[in-house]
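# Predicted model and sequence follow; I will ask about them next.
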Number of protein chains: 2
Amino acid sequence: MSARGRVKSVMEDRSVYKSVGRAEDLSRISKRVAGITVSAIKQMPVLASKVAGAVSLGQGIPSFATPPFVTEAVIRALREDEGIGKYSLQPGMPELKEEIAHHLKRTRGISVDPETEIFVSCGSMEALAGAICTLVERGDEVLVPSPNYASHIEQILFAEGVPVFVPLIEEEGWRIDLAGLARAVTPRTKAILVCNPMNPTGAALTCDEARAIAELAIERDLFVIADEAYDFLVYHPSGHASLAAISELKSRLIAAFSFSKMYCMTGWRVGYMYAPSHVIDQVLKVHDAFAICAPTVSQYGALAALRATNGRDGEGDRFIVRLVAALDDRRHLTCGRLDRLPSLFSYQKPQGAYYVFPRIVPAGIKSMDLSLRLLYEAKVISVPGSGFGPTGEGHIRFSFGGTEEEIDDAFDRIEEWASGAGIGL
Amino acid sequence: MSARGRVKSVMEDRSVYKSVGRAEDLSRISKRVAGITVSAIKQMPVLASKVAGAVSLGQGIPSFATPPFVTEAVIRALREDEGIGKYSLQPGMPELKEEIAHHLKRTRGISVDPETEIFVSCGSMEALAGAICTLVERGDEVLVPSPNYASHIEQILFAEGVPVFVPLIEEEGWRIDLAGLARAVTPRTKAILVCNPMNPTGAALTCDEARAIAELAIERDLFVIADEAYDFLVYHPSGHASLAAISELKSRLIAAFSFSKMYCMTGWRVGYMYAPSHVIDQVLKVHDAFAICAPTVSQYGALAALRATNGRDGEGDRFIVRLVAALDDRRHLTCGRLDRLPSLFSYQKPQGAYYVFPRIVPAGIKSMDLSLRLLYEAKVISVPGSGFGPTGEGHIRFSFGGTEEEIDDAFDRIEEWASGAGIGL
């Protein structure tokens, strides 16, 4: 069978997707769930788990281990503190919420009431899903700069809302289209959802852009839902322009934060939401129905992480600085490797997060086809651009969270594959 | 201020509830969320956290610590296995799903495909919420034996379904009303939701009752959603009658299981769902939008727990046997203490789980009033019966998960309070 034939047969074999979202029988399934999918970001690792020796530029997992100032604190508690195995209070451990408020003060200059304006969630995803279910009535529209993180689309669709995609301006570094956003507002618009820095493009808002979004939201009476999971990861010198720092936005801002990326804790599933207390009150109902509380073991880890960062000796800050520096090295490495493949990929240099979202240069190659060929033929895991909304097609997402060796290995394989397959070279 | 006045003022002071579910402004909140509440089970601990020295008969948390065969395995992995800090595959760690299949075979005699018929969730709650959102279309009816676990009601309402309450027969030990269930079926009925053993009543299905539910579901083409979080905790000699063991039900059974109670891991937030693969496929979409994956740290803990239980040396089984024996002692102690308060409480002896749901004997005392008076005046945490559906009013839930000292202390306080307050004595 030819390589191309192999890919076709994979695409047509529904059993490949069996455990990742295709169903034989949708007749008895609710519309809200029948209408959504498992994001390609999670489908690819499931497919890849059956491909021996694949190297990953796929899911957004930094190669680093959770730092010892987190794990050792958890180990101590596992041996000495029985509370670590029990439910926490439903909105989160009070001492963790206090530390989060302190962290937001330190990093955003904002005063937050830890009791009423914060809750601790099972990762920022649970907070976002809960907030979207809370704010979005059936038929409400949510503006989404596109391409964007796939799960945000599914969360809006799950709430039976309408995602309204406002294309980013690719040729200007995936800049946000402020005029386009303003034009897209209708009487049904409920919110603007912004991931900043952005996944999958690696774009990051400037302060002026953040302010302009806030002004639009205030003028048109919209909520702003901000996913700031990558807040610490902005490579340009002016740093992160946090929507949470804009005080005029406070009454209409729902911001989700994560410990996953900053402390290499993706598997711990702990994050938090900052929002007006009357919104938190509502989202907590969803949290109650889905989660009871965030995992207590992980909350202990999060508390140790923040204490190390907010504390005097700055161990946490030192860890983050080294993490950012390492990821910046990987960003340059990845861009350099992409520069050697100009007939295959054309890209905008990412300013934040650890993703690059190159355009596929050769005409007529679908992103899912390319991703599957890279997986099965080059043994490199990527995520097809089609997984990131309607403007994602024709692109592919590479994560540079992996080690430099992994990145080099992956690009060596891609180069060899491209030359062998005669594609784009 | 009189004691009664104190309770009234607490009830009227909305600020008490501020962080637990009351909102100033519902006008911009979706109907699905405006229509649900945070369960009283979680509200009471939040209120109680501000009452110094209260003793708990409230939330269902066993007093025991997570056993060392779990914590020490996690500690080893935290030091030696970087994978513990990273996302697992979205449906769960394959080796954990294998062990779960083995466990279901061993305890239910059923053959389960770990790849397609199981997924690992953030506690059984996330699995149940996801399944209900998946199966229940707006307006669909779900039969619920009542009184029942509060969160199941919220999950149905969140999915914009209609919970149809079929009263349990209190005077016969909260026996399930099979004829009542059959009468309640309409063309809009989608599922029967059964918690077995039951929360808050401590009732447990007999084999015949489980079979009758299965037959009704097959005859009327319904799904059965089984919450078996307390499966190991049945005190009568015939043991647990698992709906998951009824092979004819397989194509329409969605069963949720938990590590929380069996291994004293309530805070770890890890459980799993067993269901037909085409249902799992759909629920995984909701799992993806809300959770990404169950906490990996907790999955390592769950894996260690099952390995200790399924393994040859049976350390896990020995732990569970001791746990059940200790809880049985507490059950007898609790019933004995209730026997000394006949003018205040009349109860059905629980056959499973660690709850008793006595009727409040004196006329005219609302369960929330009694719960708040017990909290603020006797400093004993309980959960008002009104939190468990329409037939819960007039009752109160006591958990006997606490130590014998705590149970005795709590009932000493209740006796003293009742005698001082001149209530029911």
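Noted; the coordinates are in hand. Numbers count the residues shown, from 1 in each chain, chains lettered A, B, ... in the order given.

# Quick one: name whatever helix or strand follows the helix or strand harbouring A:Ala325.
Element membership for A:Ala325 (DSSP states H and E) is helix A:315-339. Following helix A:315-339 in sequence order, the next helix or strand is strand A:345-346 (DSSP H and E).

# And that next one, what does it pack against?
strand A:359-360 (3 or more C-beta pairs under 8 Å, 6 or more residues apart in numbering or on different chains; DSSP states H and E). Any C-beta I mention is one placed from the backbone N, CA and C, and that applies to glycine too.

# now what about the strand it packs on, what contacts it?
A:Glu170, A:Leu344, A:Phe345, A:Ser346, A:Tyr347, A:Ser367, A:Leu370, A:Gly385, A:Gly394, A:His395, A:Ile396 (C-beta atoms under 8 Å, 6 or more residues apart in numbering or on different chains).

# try 7 Å
Strand A:359-360 is contacted by residues A:Phe345, A:Ser346, A:Tyr347, A:Ser367, A:Leu370, A:Gly394, A:His395, A:Ile396 when judged by C-beta atoms under 7 Å, 6 or more residues apart in numbering or on different chains.

# How far off centre is that strand?
21 Å (C-alpha atoms, centre = their mean, to the nearest Å).

# And the next helix or strand after it, what does it pack against?
For strand A:359-360, the following helix or strand on the C-terminal side (DSSP H and E) is helix A:367-373. Helix A:367-373 sits against helix A:3-12, strand A:383-384, strand A:396-399, with contacts defined as 3 or more C-beta pairs under 7 Å, 6 or more residues apart in numbering or on different chains; DSSP states H and E.

# Helix A:367-373: which residues count as buried?
Residues of helix A:367-373 classed as buried: A:Ser367, A:Met368, A:Asp369, A:Leu370, A:Ser371, A:Leu372, A:Arg373 (neighbour count, 16 or more other C-beta atoms under 10 Å in any protein chain shown).

# Looking at the contacts of strand A:359-360, which is nearest A:Ala203?
Comparing these against A:Ala203 with C-beta to C-beta places A:Tyr347 closest, at 11.9 Å.

# Could you check how many residues crowd around that closest one?
A:Tyr347 is flanked by 21 other residues according to other C-beta atoms under 10 Å in any protein chain shown.

# Without its sequence neighbours, what residue ends up closest to it?
Nearest non-adjacent residue to A:Tyr347, counting by C-beta to C-beta, 6 or more residues apart in numbering or on different chains: A:Pro358, 3.7 Å away.

# roughly how far out does stretch A:363-375 sit from the chain middle?
That offset, for stretch A:363-375, works out to 22 Å (C-alpha atoms, centre = their mean).

# End to end on that stretch, go ahead and measure it.
Chord length of stretch A:363-375, first to last residue, is 20 Å (C-alpha to C-alpha, to the nearest Å).

# Can you tell me which residues in the stretch 151-300 of chain A are near chain B?
A:151, A:154-155, A:158-159, A:264-269, A:277-278, A:281-282, A:284-286, A:288-292, A:295-298 (C-beta under 7 Å from any C-beta of the partner chain).

# The same query, at a cut-off of 8 Å, please.
Within the stretch 151-300 of chain A, the positions lying close to chain B (C-beta under 8 Å from any C-beta of the partner chain) are A:151, A:154-155, A:158-159, A:190, A:223, A:264-270, A:277-278, A:280-286, A:288-298.

# List the ones among those residues that fall in helices.
A:151, A:154-155, A:158, A:277-278, A:280-286, A:288-290, A:296-298 (DSSP state H).

# What residue spans form the domains of chain A?
Domain assignment for chain A by automatic domain parsing gives A:3-65+A:318-421, A:85-310.

# quick check: mean pLDDT across the last one?
With pLDDT averaged residue by residue, domain A:85-310 scores 96.

# ok, now the first one?
Confidence over domain A:3-65+A:318-421, taken as the mean pLDDT, stands at 84.

# And the nearest residue to A:Arg252 once chain neighbours are set aside, how far from A:Ile132?
Nearest residue to A:Arg252, sequence neighbours excluded (C-beta to C-beta, 6+ apart): A:Phe223, at 5.0 Å. Using C-beta to C-beta, to the nearest Å, A:Phe223 is found at 10 Å from A:Ile132.

# cool, A:Asp409 as well?
In terms of C-beta to C-beta, A:Asp409 sits 38 Å off from A:Ile132.

# Could I get the full set of strands for chain A?
For chain A, the strands defined by DSSP state E occupy A:55-56, A:118-121, A:141-146, A:162-167, A:189-195, A:223-227, A:253-258, A:271-274, A:345-346, A:355-356, A:359-360, A:380-381, A:383-384, A:396-399.

# Enumerate the positions of the fourth one that are buried.
Meaning strand A:162-167. Buried residues in strand A:162-167 (16+ other C-beta under 10 Å): A:Val162, A:Pro163, A:Val164, A:Phe165, A:Val166.

# neighbouring contacts of that strand?
Residues from elsewhere that reach strand A:162-167 (C-beta under 8 Å, 6+ apart): A:139-146, A:148, A:152-153, A:156-157, A:177, A:180-181, A:184, A:188-189, A:389-391.

# can we see that at 6 Å?
With contacts defined as C-beta atoms under 6 Å, 6 or more residues apart in numbering or on different chains, strand A:162-167 is touched by A:141-146, A:153, A:156, A:177, A:180-181, A:184, A:389-391.

# Done for today, thanks.
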